[in-house]
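Engineer: Let's see this in three dimensions:
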Amino acid sequence: MKYPPKEQLVEKYFHPDNLSSAEKMKIELTKVRDEFKMSESDCGSARVQVAQLTTKIKHLASVLHKKVTLSKDFLLS
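Structural biologist: All right, here's what the predicted structure looks like:
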């Protein structure tokens, strides 16, 4: 006996607030790639790579432990 899915629970489950950090990062990288690509098939130009690496560094700096200032200073310099 199968019950139909409850719409409000499905929406709540797949809400962006419930995503893991890695899933949020994948979505952010996709947005950055789409924003900086020069053509429809562009996924590896220097522009896209720099934008993706900058996004990854900002993400790493935000998730580092607050007491670890040496690593954070190294990333931001």
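Engineer: which residues does the residue positioned nearest the centre of the chain contact?
Structural biologist: Nearest residue to the geometric centre of the chain (Cα atoms, centre = their mean): residue 25, 1.7 Å. Each residue near residue 25 by Cβ atoms under 8 Å, 6 or more residues apart in numbering is listed here: 56, 59. Every residue, glycine included, has its C-beta placed from N, CA and C.
Engineer: if you set the cut-off to 7 Å instead, what comes out?
Structural biologist: residue 59 (Cβ atoms under 7 Å, 6 or more residues apart in numbering).
Engineer: Return the set of buried residues in the helix or strand containing it.
Structural biologist: Element membership for residue 25, per DSSP states H and E: helix 21-36. For helix 21-36, the neighbour count (16 or more other Cβ atoms under 10 Å) marks 25, 29, 32, 33, 36 as buried.
Engineer: ok, which stretches of this structure are helices?
Structural biologist: With DSSP state H, the ranges of helices along the chain come out as 7-13, 21-36, 46-63, 69-76.
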